[in-house]
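S.K.: Fold the following for me, if possible:
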Amino acid sequence: MEAIPPPPPRVLIVDDDESVRDVISVLLREEGYHCAVASDADMALELAEAEDTPLVISDMKMPGKDGLWLLEAFRDKHPDTSVIMLTGYGDTEQAVDCLRRGAVDYLLKPPKLTDLIRSIERALAKRRLEMARKRYQKKLERKVRDRTTELRSALKDVSTTYQNTLLALVTALDAREHETSDHSQRVVEYTVAIAQRMGIKGPELDEIGRGALLHDIGKIGVPDAVLLKPGKLTPEEWVEMRKHPDIGFSMIAPIPFLAIPSQIVLSHQERWDGRGYPRGLKGNEVHIGARIFAVADTLDAMTSDRPYRKGTTFANAIEEIKRCSGTQFDPEVVSAFLDIGEAQLIKIKEDMVARKKQRLAEATQKALAAAAEAEAAKKALEGAN
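M.R.: The predicted structure follows:
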């Protein structure tokens with residue numbers, strides 16, 4: 001079956017002189033073009049609105065709105081339409097102006113048929129290339145959008161996997177140390193709340209959160225005899241315990257996405273007054289994430305129950321942190337911490353407890369459903385036998 005040839009391209013001829021319109025349209029129809037005619041600029045725009053018009057041939061001088069006005073109008077409303085300008089005056093500056101404004105060609109009236117056909121073919125060929133380029137660009141943009149969406153989804157999955165891995169590791173570490181339930185995650189919540197109050201956001205906030213989560217990762221390298229000792233540590237044992245920031249740093253610093261958190265891990269036992277360890281850093285020498293963490297960690301340590309003591313109230317912990325501003329803690333961090341307020345700090349802890357209960361209830365429900373399915377399958381198997 002033979003392919004159906006495409007319809008001839010539509011050419012709109014715009015001229016206030018009827019004889020010129022008729023002559024050009026007759027000549028172009030004989031060459032196989034589909035022609036429409038307009039006597040002025042407004043009529044030309046109406047025709048272009050009604051039907052797709054690949055090419056316009058317009059007179060330069062017309063009463064009222066001239067050819068240049070029409071050229072600008074087509075550039076604005078129909079940018080994919082090619083425009084050839086005709087004039088009875090050989091003005092070089094005017095020709096350059098037309099081309100600068102977007103005309104594809106500029107011919108003197110009356111144009112030779114060969115020149116006109118050549119100009120039309122060039123204009124339509126150029127238009128086809130431009131339309132093909134735009135279609136390719138749109139297709140490419142769509143592919144980029146699709147790939148970007150896929151990449152964001154993949155990165156989100158990777159980020160979630162990383163985070164879940166870190167949470168599992170930290171949970172195991174807390175369990176090894178017989179730490180109070182969810183200590184590391186509560187410290188992260190407090191740390192992030194203070195950082196946000198200080199105007200920290202975006203990737204920097206995420207990095208600080210990871211650093212807070214992993215602050216004690218180096219305790220993996222501390223012997224159980226020291227880490228789990230119920231009584232006071234000897235001076236020698238304190239030397240071992242104080243190695244954990246360096247151990248933690250050496251563990252995670254080589255991992256690219258943990259490079260900044262590793263600095264927080266290394267500095268989380270430093271003090272504002274320079275009396276901390278392992279490097280005795282002072283003031284702004286301590287990473288901002290570590291300075292924020294120090295306040296958050298103290299709050300959680302004081303308000304959490306231990307086997308050997310009951311946790312104090314949030315009010316007492318807040319007063320103690322306030323008292324140590326300028327010595328143990330960065331005054332700017334303490335100020336942001338105080339701005340949060342006691343009620344909001346308590347709410348952070350209560351919300352964590354509520355979320356944990358919800359997760360536990362959902363896990364229990366799933367386990368019961370799985371058990372019921374297993375029991376039903378067992379009975380069905382026994383009935384078949």
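S.K.: okay, CA-based contacts and neighbour counts for the rest of this
M.R.: OK.
S.K.: low-scoring stretches of the stretch 251-385 of the chain, by residue?
M.R.: Within the stretch 251-385 of the chain, the stretches with pLDDT under 70 are 307-308, 384-385.
S.K.: Over to residue 185: give its phi and psi.
M.R.: Main-chain torsions, residue 185, degrees, to the nearest 10: phi -70, psi -30.
S.K.: do the same with the one 4 residues further on
M.R.: The phi/psi pair for residue 189 (degrees, to the nearest 10) reads phi -60, psi -50.
S.K.: Which residue ranges make up each domain of this structure?
M.R.: The record's domain parsing of the chain by automatic domain parsing lists 10-140, 177-355.
S.K.: Give the rounded mean pLDDT of the shortest one.
M.R.: When you say that, I think you mean domain 10-140. Taken as a whole, domain 10-140 has an average pLDDT of 86.
S.K.: Nearest the geometric middle of this protein, what residue?
M.R.: Nearest to the mean C-alpha position of the chain, by CA atoms, centre = their mean, lies residue 152 at 7.6 Å.
S.K.: In contact with that residue, which residues?
M.R.: Contact partners of residue 152, counting by CA atoms under 8 Å, 6 or more residues apart in numbering, are absent.
S.K.: How about residue 86?
M.R.: 57, 58, 59, 60, 106, 107, 108, 109.
S.K.: secondary structure class for it?
M.R.: strand (DSSP: H, G, I helix; E, B strand; the rest coil).
S.K.: Kindly provide the distance from it to residue 314.
M.R.: Separation of residue 86 from residue 314 (CA to CA, to the nearest Å) stands at 85 Å.
S.K.: same question, residue 370
M.R.: Counting by CA to CA - residue 370 and residue 314 are separated by 42 Å.
S.K.: just residue 349 next, same as before
M.R.: 11 Å.
S.K.: and the two? which has more neighbours close in?
M.R.: The neighbour count for residue 349 versus residue 314, taken as other CA atoms under 10 Å, is higher for residue 314 (19 against 16).
S.K.: Make sure that one is actually in contact with residue 342.
M.R.: Yes. Using CA atoms under 8 Å, residue 314 is in contact with residue 342, at 6.6 Å.
S.K.: Show residues contacting stretch 11-24.
M.R.: So stretch 11-24 is contacted by 25, 33-41, 44, 53-59, 62-63 (CA under 8 Å, 6+ apart).
S.K.: buried residues in that stretch?
M.R.: Neighbour-count burial for stretch 11-24, counted by 16 or more other CA atoms under 10 Å, picks out 11, 12, 13, 14, 15, 16, 21, 24.
S.K.: when you check those against the strands, which ones overlap?
M.R.: Those of those mapping onto strands are 11, 12, 13, 14, per DSSP state E.
S.K.: For those, give me a markdown table that also has distance to residue 166.
M.R.: Output for these, formatted as a markdown table (distance: CA to CA, whole Å):
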| residue | distance to residue 166 |
| --- | --- |
| 11 | 68 |
| 12 | 69 |
| 13 | 72 |
| 14 | 72 |
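S.K.: Assign a three-state SS to residue 37, would you?
M.R.: strand.
S.K.: quick one, what contacts it?
M.R.: 12, 13, 14, 21, 25, 44.
S.K.: Which member of those is positioned nearest residue 128?
M.R.: The closest of the contacts of residue 37 to residue 128 turns out to be residue 12 (CA to CA; 17.2 Å).
S.K.: continuing past the helix or strand hosting residue 237, what's the next helix or strand?
M.R.: For residue 237, the element it lies in under DSSP states H and E is helix 235-241. Using DSSP H and E, the helix or strand that directly follows helix 235-241 along the chain is helix 244-252.
S.K.: Tell me which residues are up against stretch 109-123.
M.R.: Here stretch 109-123 has contacts from 27, 55, 82, 83, 84, 86, 87, 88, 89, 104, 105, 107, using CA under 8 Å, 6+ apart.
S.K.: With distance to residue 128 added, can I get the residues you listed in TSV?
M.R.: TSV is the format used below for these (distance: CA to CA, whole Å):
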residue	distance to residue 128
27	23
55	11
82	10
83	14
84	16
86	22
87	26
88	29
89	30
104	13
105	16
107	21
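S.K.: Out of these, which is nearest to residue 202?
M.R.: Once CA to CA is applied, the member of the contacts of stretch 109-123 that ends up nearest residue 202 is residue 82, at 47.7 Å.
S.K.: What about that closest one, how many residues nearby?
M.R.: Neighbour tally, residue 82, other CA under 10 Å: 24.
S.K.: Perfect, that will be all.
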